[in-house]
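Engineer: Here is my input; please provide its structure:
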Amino acid sequence: MPITLIDSTDVVEKVQVLNFATFHIHMGATSDATSVDFDENDKKNQNDAKKIAQLISEFKPTIICVEVPWGKNEELDQEYKAYLTNPSKVSTYYGEVGMVAFEVGRLSNLESIYGIDHKMGYNYNIGQEIENTIDSTTYNNYYKNPFAFHSEINVNHDELSLLEKLKLYNNPKFLDFLINVNADMLAFAGSENGFEGADEAAKYYQRNLRIYSNLNRIPMTIKDRVFILSGGSHTAFLGEFMGRSPKYELVDVMDYL
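Structural biologist: Sure, this is the predicted structure:
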C-alpha cells in the first residue's frame, strides 16, 4: 500500500508555551526528592526574583499557570489581586508563585493566574522501607549519590546565583534527571512478587498527568502564550507530554534567561 505524504504547506499552528522549571522558593524542607534552601525574606533574593520575572515577562504571556491546586484558584486570585494593588509589598504566597509569577503577571497586565496542581501522595523512599529483591544494588548505589551518575549536571548548587540555578534546572539533562530520581528509579525496587516501587512511580506519573489535564481545562486560543511555573519534576513531565501534543509548542526557556 503506497504511503500518502501530507502536504508540507498544511502546518498546524500551536499554542506557544514557556514551560519553566524552578525549585520551591522557601526555607526548610519540602516533600520533594530534591530541594534547595532559599531565604524568601532576604532582600537580595527578592530583588533577584524580580529580575527573573522581568526576563520571563519578555515572553509576553497571556496565560500564567502555577503549582497551586486547581481547587484553590479563588484563593490564588485573591492573593494575586492583593499583590496588584500593592506590588511594592513582596508576596511569598507559595514561594515562587508570589515572588515570580505574580510579578510576571503584573508586568504582562494579566487580571488572573491559574493554579493547575493536583496533590497526590507517593512514597519515593519505598525502596528503603521494603526488602528489595528486584535490584537493590543498582537502587542503593544510585540513591547514595544520584548526581554521580549525571556528570553533566553534577555541580555545587550553593555556588550558583539564582539565575544560574534556574538555567541548570531548565537544562534538558537536569529535567531528565528529575524524572529519573523522582520516579523511574523506583522500578528497581520491589518485593519478590510485588511491584511496590513501580506502583509508587505510577502515582507520580498519574499526578503529573492530572496536572496536564488541569492545564487542558483552561480556555485558550492559538493566539495565547502560556507561561507555566512549577517545580522541576512537574516541568519535566509536562515537557514530555506537551512535546508530543497536537496543541502545544514548547519554546526554548534559555531564550529568556
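Engineer: Please report how far residue 126 lies from residue 210.
Structural biologist: 20 Å (CB to CB, to the nearest Å). Just so you know, the C-beta spots here come from the backbone N, C-alpha and C atoms, and that holds for glycine as well.
Engineer: what's the average pLDDT for the helix ranked longest in the chain?
Structural biologist: Longest among the helix segments of the chain by residue count, using DSSP state H, is helix 196-217. Helix 196-217 carries an average pLDDT of 98.
Engineer: Can I get that helix in PDB? Just the C-alpha atoms.
Structural biologist: Taking Å, rounded to 0.1, in the frame of the first residue of the first chain, the C-alpha atoms of helix 196-217 are listed here in PDB:
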ATOM      1  CA  GLU A 196       5.900  -1.700  45.100                       C
ATOM      2  CA  GLY A 197       8.400   0.800  43.600                       C
ATOM      3  CA  ALA A 198       6.800   0.800  40.100                       C
ATOM      4  CA  ASP A 199       3.400   1.300  41.700                       C
ATOM      5  CA  GLU A 200       4.700   4.300  43.600                       C
ATOM      6  CA  ALA A 201       6.300   5.800  40.500                       C
ATOM      7  CA  ALA A 202       2.900   5.300  38.700                       C
ATOM      8  CA  LYS A 203       1.300   7.500  41.300                       C
ATOM      9  CA  TYR A 204       3.700  10.300  40.400                       C
ATOM     10  CA  TYR A 205       3.100   9.800  36.700                       C
ATOM     11  CA  GLN A 206      -0.600   9.900  37.500                       C
ATOM     12  CA  ARG A 207      -0.300  13.200  39.500                       C
ATOM     13  CA  ASN A 208       1.500  14.800  36.600                       C
ATOM     14  CA  LEU A 209      -1.000  13.600  34.000                       C
ATOM     15  CA  ARG A 210      -3.700  15.100  36.200                       C
ATOM     16  CA  ILE A 211      -1.800  18.400  36.300                       C
ATOM     17  CA  TYR A 212      -1.600  18.200  32.500                       C
ATOM     18  CA  SER A 213      -5.400  17.600  32.400                       C
ATOM     19  CA  ASN A 214      -5.900  20.700  34.500                       C
ATOM     20  CA  LEU A 215      -3.800  22.700  32.000                       C
ATOM     21  CA  ASN A 216      -6.100  21.400  29.300                       C
ATOM     22  CA  ARG A 217      -9.200  22.700  31.100                       C
END
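Engineer: Now do it: distance to the chain's middle.
Structural biologist: Here helix 196-217 is found 13 Å from its chain centre; the criterion is CA atoms, centre = their mean, to the nearest Å.
Engineer: just checking, what packs against that helix?
Structural biologist: The contact analysis (3 or more CB pairs under 8 Å, 6 or more residues apart in numbering; DSSP states H and E) places helix 196-217 against strand 114-117, helix 126-129, strand 225-231, helix 232-243.
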